[in-house]
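[1] The sequence and its predicted three-dimensional model are supplied below.
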Amino acid sequence: MEINSIKDLIDALEQLGEPEDGYTRFFRGHSNAEKYKLEPSIYREDNKYYHNEDNIIRDAIINNPDEFSDEDTLFDTLVKLQHYGYPTRLLDLTSNPLVAAYFTVCNFDNHGEIIIFDIPNNDIKYFDSDTVSILSAISLRKSDFSINIDKTFLKVQSLCAQADFLTAMFPGFNLTTISLGFKNAVEKNLDYQSSIPFSENRIKELEKEVKRVTNDETNIVFVNERSLEIFSKTCDKAVAANFLLRKDGLTLKDAVSFGDGVNDYDLITQTGLGFAMENSIYRLLEKLSDTEIIESNKSDGMAKKVREIFNL
């Protein structure tokens with residue numbers, strides 16, 4: 001549909017009608033319909049900027065310290081960089097069709113276009129959501145970063161640590177030749193993740209042996225990327241907190257909890273209010289998709305949330 005005036009735009013929107021229930025409408029304007037693609041600036045020009053995205057962000061902060069604050073989230077930083085014309089992974093949309101129309105006519109030498117999005121409300125995330133935090137954090141990873149590779153790497157590290165623990169605790173515990181060779185190869189190449197001989201079958205075999213020796217009676221979790229905890233399945237932070245609360249006639253539902261490690265999962269999910277820190281290990285954030293993410297420990301996120309909850 002060709003639009004030559006504001007009246008044409010209004011008529012077009014009336015003809016289109018309102019979005020379906022459960023959807024919200026957004027707009028984006030392109031001043032050159034033939035040239036501009038629907039993609040964030042970091043991916044344009046054959047990924048010229050994408051492979052250096054993490055350095056672009058860090059250099060901008062270092063070279064313009066007065067423009068950024070320690071209180072800024074990474075998403076805040078990306079928004080500011082977008083505003084100043086840096087290539088980012090953000091793509092601007094607006095709920096106002098007139099704003100989109102303005103960007104459409106910025107260049108009178110070309111035919112512009114207005115692109116309309118009807119987005120399910122369940123897919124719309126606010127600035128403080130865990131989804132936004134995680135996607136923003138990816139911008140500081142190297143371009144060859146793979147979530148699947150990192151997940152596998154952490155799992156292999158966990159299994160190797162478990163095997164070391166069991167070897168020390170149970171003199172009769174011995175790995176098969178294949179698993180022992182795999183474990184040694186992993187530990188030899190810990191600083192070179194891409195060269196670790198990952199094999200799903202080998203990982204499963206090592207995991208099976210560890211569970212066999214413990215009779216699957218222990219919880220083995222990463223507190224963070226470099227700290228592993230092994231404890232009885234009958235004991236965790238939620239059990240301990242409940243024990244202490246009962247002394248005062250309270251329950252977990254009367255408590256507020258905060259956490260940043262996988263060992264905090266039970267506590268966060270069982271208390272009346274539970275929050276994950278922005279600096280949490282990503283494995284915890286993946287398990288807490290519906291939990292509010294607050295500012296990091298470095299930014300006193302817990303203290304700020306306590307003041308907010310109790311009106312201090």
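    Yep, it's here.

[2] show me the contacts for Lys80.
    With contacts defined as Cβ atoms under 8 Å, 6 or more residues apart in numbering, the neighbours of Lys80 are 67-68, 72. Bear in mind the C-beta positions are built from the backbone N, C-alpha and C, glycine included.

[3] repeat that with 7 Å
    Applying Cβ atoms under 7 Å, 6 or more residues apart in numbering to Lys80 gives the contacts Glu67.

[4] What separation do you get for it and Glu278?
    Between Lys80 and Glu278 the distance, using Cβ to Cβ, to the nearest Å, works out to 18 Å.

[5] what do you get for Arg307?
    Note on Arg307: its distance to Glu278, by Cβ to Cβ, is 17 Å.

[6] The two: which is more packed in?
    Here Arg307 and Glu278 are compared on neighbour count by other Cβ atoms under 10 Å; more neighbours surround Glu278, at 20 against 11.

[7] my guess is that one contacts Asn297, does it?
    No. Using Cβ atoms under 7 Å, Glu278 is not in contact with Asn297, being 8.5 Å away.

[8] ranges for the strands of the stretch 51-200 of the chain?
    With DSSP state E, counting those that start in this stretch, the ranges of strands along the stretch 51-200 of the chain come out as 113-120.

[9] Tell me where it has helices.
    Secondary structure of the stretch 51-200 of the chain (DSSP state H, counting those that start in this stretch): helices at 53-63, 74-83, 97-104, 130-137, 147-169, 177-188, 200-214.

[10] burial count for the nearest residue to Phe68 once chain neighbours are set aside?
    Computed as Cβ to Cβ, 6 or more residues apart in numbering, the closest residue to Phe68 that is not its neighbour in sequence is Ile61, at 5.1 Å. As a burial measure, Ile61 scores 15 neighbours (other Cβ under 10 Å).

[11] gap between Ile61 and Val132?
    Going from Ile61 to Val132 by Cβ to Cβ gives 19 Å.

[12] Likewise for Ala33?
    Distance from Ala33 to Val132, by Cβ to Cβ: 29 Å.

[13] Pick out whichever of those two has more residues nearby.
    Val132 (17 against 13).

[14] what about stretch 106-124, how long is it end to end?
    28 Å (Cα to Cα, to the nearest Å).

[15] Now do the buried residues in that stretch.
    Applying a neighbour-count criterion of 16 or more other Cβ atoms under 10 Å, one finds 110, 112-114 buried in stretch 106-124.

[16] which one of those residues sits closest to Phe103?
    In terms of Cβ to Cβ, no member of the buried residues of stretch 106-124 lies closer to Phe103 than Gly112, at 7.7 Å.

[17] Quick check: the closest one touching Ser31?
    Yes. Judged on Cβ under 7 Å, Gly112 makes contact with Ser31 at a distance of 4.8 Å.

[18] what residues do these two have in common as contacts?
    Thr104.

[19] which one is the residue nearest the centre of the chain nearest to, not counting chain neighbours?
    By Cα atoms, centre = their mean, the chain has its centre lying nearest to Ile134, at 1.9 Å. Spatially, and ignoring its direct neighbours in sequence, Ile134 is nearest to Leu285 (6.2 Å; Cβ to Cβ, 6+ apart).

[20] tell me the contacts of the one you found?
    Applying Cβ under 7 Å, 6+ apart to Leu285 gives the contacts 130, 134, 276.

[21] Name the spans of the stretch 1-150 of the chain whose pLDDT lies under the cut-off.
    Applying pLDDT under 70 to the stretch 1-150 of the chain flags residues 145-150.
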